[in-house]
Structures are given as structure tokens and as C-alpha cells.
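Trainee: Okay, here's the prediction I keep looking at, along with the sequence it came from:
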Amino acid sequence: MKMFDVYPLNDISIVKARGSYVWDDKGTEYLDMYGGHAVISIGHTHPYWVKSIEEQLEQIAFYSNSVKMPIQQRLAEKLGALSGRQQYQLFLCNSGAEANENALKLASFYNGRKKIVSFSRSFHGRTSLAVAVTDNPSIVAPVNQTDNAVFLPFNDEAALQDYFDKDGTNVCAVIIEGIQGVGGINIANPTFLQLMSRLCHEHKAVLIADGVQCGYGRTGKFYSHDYSGIDADIYTMAKGMGNGFPVGGISIAPHIHAKHFMLGTTFGGNPLACAAALAVLEVMENENLMLNALQMGAYLMDEIGKINELKNLRGKGLMIGFDVPPELRELKKNLLSKHHIFTGEAKPNVIRLLPALSLTKSDADKFLVALKEEVAVLTNKQMAAAVA
Ligand SMILES: Cc1ncc(COP(=O)(O)O)c(C=O)c1O
């Protein structure tokens, strides 16, 4: 048997990781400015996280959700406290797509409606409804296509207002990333989110804040939507929640009530996942990682902003993107092959930085030195080619 070939792969085998660094099978060290796709929050293999999972594994790895699991309640309390939403309710699952799928389903149970409003360049996952509200037709299978998904232009307040004026009473939910990740690091304007929150409230539609990539402290606030001062009805999360252990969840406002069996899962909320997620929150709090993300992000943005060749720098905390002009198109590849630094991308020409929230100043400097050097090398090469 071989692997189903759905990913274009770098020819690198990562076998070890610690903090913001990973090592391949030949012992080469790489700086991870990609965080394994925004997943690494407290740093790879953080010792406290490893110990928590190991201790839990010695006790019990799994039992079904038919019995009480005190560790779930401990996680819910910690998450409520750190996210500033103690009154919210937690449903646990295993991934970001599942979190959004459950959030959308719950919204529809709540108000009995079907239309979901989403936005241009959004990404919400690959399960049936999550992908239907994702703005990328190439990953939507025919069976996932539905007239219930409505796409409006991102950050267009007039279009949003207009849609609600015309069909607001049929809107089940609006789903939005506070900062679009896969779409290329596009920040939702606070006024856009505030209008959305008001319109949802007025029309009894459910506002779903997709915090799978932009959440969990990465931007310096627990959810990046918090920058606009709104309270969403449901927050979805995954990625950084487990620091690499698969776990997702939805945080549900108190006015949305549970009924037995309306949602369910076999693996969601298993003791191992909870131990990992709880350790992440404890480390985030003890090591003040949200503040670190804010400070390191501001430092990176200041320094990258001085590199004139890189355009349209944007982001918050440690969720940063910039446009790479065509003459520097080798930049991402060279950062990896020559400087051993992983970065993320968004098509067609965006470099995305999504490092661990524990990134240090010396890690940031190491990246900046390589970035400046490589931009200079590629620019000089381009100029030499033009002269010749
Ligand atoms: C904003 C957002 N939502 C949902 C998802 C889906 O998460 P998962 O891959 O864990 O299903 C992603 C993944 O990149 C994402 O960036």
C-alpha cells in the first residue's frame, strides 16, 4: 500500500522537534516559522505538555462520553477563564472542520433555518457543510454543493447590510475568520464584525467566529475577533488548542441550549486530548504566551516593514503575511533550502508566518537575518539579469 497522493511534499523527513525548532533524519536543524500550519502554540514537545500527556496515558487513554470525565470540566473552566467567556459551554471534537461542522449544525438546530453566509476567500475545513461554506470550488465535491451557502465579499459592509435587508429572516448563521488564514492573512475590519454582530442579533441569526487558525492566543487576544469587541454566539477552535495533539472544540453562548444527542462524538473530549489541551492553557498562562505573541509579532512586523521589496505587510501577533513580488518568487523555497527555515504560504504569492507563540527574540532575529539576506540575493540576481 502507498499513501494517497494528496499533498505536494517537501523532500524532508522531520523526526524530532523542540520549541521553535525541528530536525530531519540527517540531523539538520530547521527554524519553524510555520508552526506546522499554525498548530504549534506553546512550542514543539513542551516538557510540561509531554509530561501531562504521559501521566494521563498511565491512568486512562480513552473511555466513551457516556460517563463523567472530570478533566473535561477542568478544561472547560480553564478555557472559559482564559478566553474571558466563563458563561459559555464547551463541546469537544477532534479537528477544525469538525468544530465548524458542529457549529453550523448547532446554529441550524437553534433557529431552524438553513442559509449560511460566508465570505470571499474564506476557509472553514473539508467536511460537508464546512467545505460548502469555504470559498474554493476546487475542493467542494458535487455532493457538498448546496444553495444554502451564500458568499458575500469580505469586509463589504454595504453588501452585508443589503443581504440582511433582503433576506435576513432566513439567515441561519454567519461564519467568519477574524483573520483569514488560508485566504492570505486578511483581517476582518472591526466595523465589519460589529455590523455583523448587530445584524445577527437583530435577525436571530447565529454568529460563528471561526478561530481555528486565528484563535487560541495567536494574535495576542484569545480570539482575534476580540479586537472588534464583539461576542460571537459560537467560537470554533482546533489547531493551537492541542499543540499538535488532535483536539477541537466549540465554545457556545449561554442562550443556546443543549438537548441530549443533538451533537455527539466517539473520540471528542477523550482524556488524552483533554490532558494535552489543559497543558496548553496552563503553559499559555504561566509563560504569558499571548503577550509574547503580541510583542514578538510587533517586532517582526516592524522589521519586515523595513524591507521595501516585500509588499502589503499585514497581521496581528504571530499571524503575519506579506506579498512576495514575482522577482522574489524563489524566496520561500530558498528560505527552506538555503537557510533551513520553514514558512507558510497562501496562493498565489503570500508568505505566511505562524510560529509558536513562544518564539524568542533570537529566533525572530535568526529569521529576519535570513529574510533580509535572501531578499538582497534575489534582488541582486534580478538586477544582474536585467543588465545582462
Ligand atoms: C480557519 C480554518 N478553519 C477550519 C480549518 C480546518 O481545520 P482542520 O484541518 O483541523 O479540519 C482550518 C484549517 O486550516 C482553518 O484555517
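Mentor: Arrived safely, thanks for sending.

Trainee: check contacts around the spatially closest residue to H255 that is not a sequence neighbour.
Mentor: Leaving aside its sequence neighbours, H255 sits nearest to D233 (CB to CB, 6 or more residues apart in numbering; 7.7 Å). Where C-beta positions appear, they are placed from N, C-alpha and C, glycine not excepted. Going by CB atoms under 8 Å, 6 or more residues apart in numbering, D233 touches A107, C200, V206, L207, I208, I252, A253, H255, I256.

Trainee: Report the separation between the residue in the chain that the ligand sits nearest to and E177.
Mentor: Closest to the ligand within the chain is G96: 2.2 Å, counting by CB to the nearest ligand atom. Relative to E177, G96 is positioned 11 Å away (CB to CB, to the nearest Å).

Trainee: The chain against the ligand: which residues are in contact?
Mentor: Within reach of the ligand by CB under 6 Å from any ligand atom, the chain has these residues: 95-97, 100, 123-125, 177, 181-182, 210, 212-213, 238.

Trainee: neighbour-wise, which of those residues leads?
Mentor: D210 (33 neighbours; other CB atoms under 10 Å).

Trainee: Report the spatially closest residue to that residue, excluding sequence-adjacent ones.
Mentor: Using CB to CB, 6+ apart, the nearest residue to D210 is E177, at 4.7 Å.

Trainee: Looks like the one you found contacts R121 (just checking).
Mentor: No. Counting by CB atoms under 8 Å, E177 stays clear of R121, with 9.2 Å between them.

Trainee: and for these two, which residues touch both?
Mentor: Shared contacts of E177 and R121 (CB under 8 Å, 6+ apart): G183.

Trainee: Please point out which parts of the longest helix along the chain sit buried.
Mentor: Criterion DSSP state H: the longest helix present in the chain is helix 361-387. For helix 361-387, a neighbour-count test (16 or more other CB atoms under 10 Å) marks D363, A364, K366, F367, L368, A370, L371, E374, V375, L378, T379 as buried.

Trainee: Quick check: phi and psi at the closest residue to the last one other than its chain neighbours.
Mentor: The shortest distance from T379 to any residue that is not its chain neighbour, by CB to CB, 6+ apart, is 5.8 Å, and that residue is E309. When quoted as degrees, to the nearest 10, the phi and psi of E309 stand at phi -70, psi -20.

Trainee: Kindly state the pLDDT recorded for E309?
Mentor: Note on E309: pLDDT of 97.

Trainee: which residues in this structure form helices?
Mentor: 35-38, 47-59, 70-82, 96-111, 128-132, 157-167, 190-203, 271-286, 289-305, 331-337, 361-387.

Trainee: Contacts only, for E282.
Mentor: Counting by CB under 8 Å, 6+ apart, the residues that E282 touches are Y48, K78.

Trainee: where does the stretch 1-150 of the chain dip in pLDDT?
Mentor: Of all residues in the stretch 1-150 of the chain, none has pLDDT under 70.

Trainee: before we move on, what about the stretch 251-388 of the chain?
Mentor: Ranges of the stretch 251-388 of the chain meeting pLDDT under 70: none found.

Trainee: do that again at 90, thanks
Mentor: Filtered on pLDDT under 90, the stretch 251-388 of the chain yields the residue ranges 380-388.

Trainee: rewinding a little: looks like the residue of the chain closest to the ligand contacts M241 (just checking).
Mentor: No. Assessed by CB under 8 Å, G96 is found out of contact with M241, at 9.2 Å.

Trainee: what residues are shared contacts of the two?
Mentor: In contact with both G96 and M241: G248, using CB under 8 Å, 6+ apart.

Trainee: so who does V283 touch?
Mentor: Applying CB under 8 Å, 6+ apart, we find V283 in contact with I42, H46, Y48, W49, L289.

Trainee: Filter those down to the buried ones.
Mentor: Listed as buried from those are I42, H46, W49, L289; burial here means 16+ other CB under 10 Å.

Trainee: Could you check how far the closest residue to the second one other than its chain neighbours is from G19?
Mentor: Read it as H46. Using CB to CB, 6+ apart and skipping residues adjacent in sequence, the residue nearest H46 is V283, 5.9 Å away. Computed as CB to CB, the V283 to G19 distance reads 12 Å.

Trainee: Which neighbours do the two have in common?
Mentor: H46.

Trainee: In this structure L75 contacts L90, no?
Mentor: Yes. In this structure, L75 is within contact of L90 by CB under 8 Å, at 7.2 Å.
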